[in-house]
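J.: Pasted the sequence and its predicted model underneath.
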Amino acid sequence: MIARFFFLIAFLLFQPGHAKSTWMKRDDPGKLITEYESNISALPIAGKLKRKPWSGDYWATYRGGITFRWLQSKGVNPFRDNRIKYDHPDAKKLTPKEIDLLSPAEKFDLYKGDYDWTLTKLERKRTKVMTKKNIPTWWGLCHAWAPATILYNSPNMINVKGKNGEHINFYASDIKALLTYNLHLFGKKKKSYFLGSRCNVKFPWYIKLLTLGLMPEDVYLSTVKNERCNDMNPGAVHIALTNMIGLKKEGFVMDKTRGSEVWNQGVYAYKSKFLNSSKRKKLPLKGLNVMGKVHKVKTTVTWVTEIRPVKQRVPSEKGLRTIVYKYDIYTDDDGDIVGGKWRQFTRPDFFWRIDDPGIHDMMVGLQDIYSKSIEDIVPTPKRRRTRPEFYNLFKKTARQVMNSQAFIKNTQELVAARKADREEYYRELKDYYLKNYKKLKKRYRR
């Protein structure tokens with residue numbers, strides 16, 4: 001048992017990587033980036049996005065996703081919690097306080113005047129929270145939350161009036177939940193870019209079986225060194241980070257855990273340190289005779305983790321975390337990255353991003369809520385005027401111009417008239433003075 005344990009530790013720390021020293025088709029950086037730079041001298045050693053992705057909840061499935069009444073007091077246990085298992089209320093009898101405690105899904109139904117709670121029922125059906133037990137706690141909407149943190153600005157709380165006149169407080173996390181669900185509704189219809197492949201191995205469980213002698217070593221080794229679980233080539237990882245974050249300033253999502261559980265996190269920044277570089281030599285690329293250099297690199301990646309729901313916009317630095325990756329990069333004689341090898345067990349599983357799909361048909365009205373929630377940081381763009389509006393504006397402007405011209409003309413005439421009056425006054429004063437000068441002179445001499 002002890003020997004097996006030390007073998008396991010040695011394997012995790014010094015596992016060979018030559019079997020995946022150059023990337024395959026699924027690891028081609030072009031699957032994530034349309035055009036990219038691969039020359040190591042042109043890639044920045046550090047970079048960050050212009051805007052930090054916001055942090056928020058991943059709306060766990062076992063809590064009912066976005067039907068979770070996060071503002072309500074806690075119940076007895078997660079599966080009989082009054083924030084999770086509740087009856088649909090009579091919308092016409094809700095008090096302002098009761099409205100305030102509703103879930104994001106319920107608030108949106110109420111905002112649209114949907115007293116049948118369509119969105120709320122749809123989300124409960126998806127999560128099966130009312131019927132299913134033993135739902136894994138890591139299941140949730142992180143597949144939509146992570147890209148939402150990158151695509152949308154961080155919302156603030158707002159108060160709006162529903163279709164039937166109810167005043168509804170949409171708090172910051174309510175709006176984040178709706179933005180997240182909006183992306184979820186598009187499913188596979190949204191345009192996505194994916195680098196790497198998913199590993200479905202439950203590493204903690206496999207390690208436990210190995211240490212207990214319940215799994216042969218050769219089975220474990222073949223599983224861990226499987227192409228999918230060996231994960232992305234670090235050369236491709238370095239190209240993706242330096243191009244997307246360093247050069248293009250475009251965010252993407254990574255599954256930071258190696259194994260069956262998927263934890264999608266928005267990537268914000270990176271900083272690489274080159275520990276040393278070898279002299280020119282034959283690169284350890286399987287089946288290829290390539291000359292170049294090997295560079296030992298340590299890269300710190302900053303990403304956004306989950307936080308509990310909040311009422312107001314949180315500071316931009318809230319929820320930022322870091323993880324360190326160590327790997328070798330292979331460059332050819334031209335300085336282009338052609339592959340690499342991991343120097344640690346921990347590594348990201350895959351990278352991905354999506355194009356903004358817009359607002360889903362089920363979420364009509366969300367754009368107005370979102371726009372109002374970010375007015376303090378992104379002014380609402382002015383609506384383009386129609387042709388009749390342009391015509392009325394032209395007539396109004398023309399009248400103003402005509403009135404201005406008339407005012408200028410009248411002002412000029414008035415100034416001219418006042419000037420003539422002043423000249424006549426001074427002329428009469430002068431004549432009077434000259435005419436009476438001698439009389440006044442004699443009078444004052446006496």
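T.: Yep, that arrived. Numbers count the residues shown, from 1 in each chain.

J.: Secondary structure element holding the most centrally placed residue in the chain?
T.: Central residue of the chain (Cα atoms, centre = their mean): residue 150, 1.5 Å from the mean position. Assessed by DSSP states H and E, residue 150 sits inside helix 142-151.

J.: mind listing the helices for the stretch 51-200 of the chain?
T.: 96-100, 104-111, 118-127, 142-151, 172-186 (DSSP state H, counting those that start in this stretch).

J.: Check which residues of the first one are buried.
T.: By that I understand helix 96-100. residue 99 (16 or more other Cβ atoms under 10 Å). To be clear about C-beta, it is placed using only N, CA and C from the backbone, and glycine gets the same treatment.

J.: what's the offset of that helix from the middle of its chain?
T.: Centroid displacement of helix 96-100 relative to its chain, using Cα atoms, centre = their mean, to the nearest Å, is 30 Å.

J.: Around the closest residue to residue 336 other than its chain neighbours, how many other residues sit close by?
T.: What sits nearest to residue 336 in space, not counting adjacent residues and going by Cβ to Cβ, 6 or more residues apart in numbering, is residue 38, at 4.7 Å. Residue 38 has 20 neighbours, counted by other Cβ atoms under 10 Å.

J.: What of residue 86?
T.: Using other Cβ under 10 Å, residue 86 is surrounded by 17 other residues.

J.: distance of the closest residue to it other than its chain neighbours from residue 237?
T.: Excluding the flanking residues, the one nearest residue 86 by Cβ to Cβ, 6+ apart is residue 69, at 7.0 Å. Distance of residue 69 to residue 237, given as Cβ to Cβ, to the nearest Å: 40 Å.

J.: When those two are compared, which one has more neighbours?
T.: For residue 69 and residue 237, the more surrounded residue by other Cβ under 10 Å is residue 237, and the numbers stand at 28 against 19.

J.: Can you classify that one by secondary structure?
T.: helix (DSSP: H, G, I helix; E, B strand; the rest coil).

J.: from memory it sits against residue 325, does it?
T.: Yes. Counting by Cβ atoms under 8 Å, residue 325 is a contact partner of residue 237 at 7.4 Å.

J.: about what we covered before: what is the mean pLDDT for the helix holding residue 150?
T.: Per-region confidence: helix 142-151 scores 93 on mean pLDDT.

J.: Over to stretch 33-50?
T.: Summarised as a single mean, pLDDT over stretch 33-50 is 95.

J.: Any idea how far apart the tips of it sit?
T.: 18 Å (Cα to Cα, to the nearest Å).

J.: Ok, stretch 252-272 next?
T.: 18 Å.

J.: In that stretch, which of the residues would be classed as buried?
T.: Result for stretch 252-272 [16+ other Cβ under 10 Å]: buried residues 252-260, 262-272.

J.: And the protein, split by domain according to the record?
T.: The record's domain parsing of the chain by automatic domain parsing lists 2-58+141-373, 387-446.

J.: Could you say which of those domains is packed most deeply?
T.: Ranked by mean neighbour count, the domains of the chain are led by domain 2-58+141-373 with a mean of 18 (mean count of other Cβ atoms under 10 Å).

J.: how about the residue nearest to residue 145 when sequence neighbours are not counted, what does it touch?
T.: The shortest distance from residue 145 to any non-neighbouring residue, by Cβ to Cβ, 6+ apart, is to residue 180 (4.5 Å). Contact analysis of residue 180 by Cβ atoms under 8 Å, 6 or more residues apart in numbering lists 56, 59, 66, 141, 144, 145, 148.

J.: So the first one is in contact with residue 149, correct?
T.: Yes. With contact defined as Cβ under 8 Å, residue 56 and residue 149 form a contacting pair (7.0 Å).

J.: how many other residues sit next to the residue lying closest to residue 60 once chain neighbours are set aside?
T.: Sequence neighbours aside, residue 140 is the residue nearest to residue 60 in space, at 4.4 Å (criterion: Cβ to Cβ, 6+ apart). By the criterion of other Cβ under 10 Å, residue 140 has 23 neighbours.

J.: residues contacting residue 140?
T.: 58, 59, 60, 61, 65.

J.: In CSV, list the residues you listed along with distance to residue 163 and pLDDT.
T.: Formatted as CSV, those follow (distance: Cβ to Cβ, whole Å; pLDDT from 0 to 100):
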residue, distance to residue 163, pLDDT
58, 30, 93
59, 25, 95
60, 30, 94
61, 29, 95
65, 23, 95
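
J.: Give me the contact list for stretch 95-106.
T.: 64-72, 89, 94, 107, 110, 117, 119-120, 123, 166-170, 173-175, 177-178, 181.

J.: Kindly apply the preceding question to stretch 109-124 instead.
T.: With Cβ under 8 Å, 6+ apart as the criterion, stretch 109-124 contacts 64-67, 88, 91-92, 94, 99, 102-103, 105-106, 108, 130, 160, 162-164, 166, 168, 170, 181, 362, 364-365, 369.
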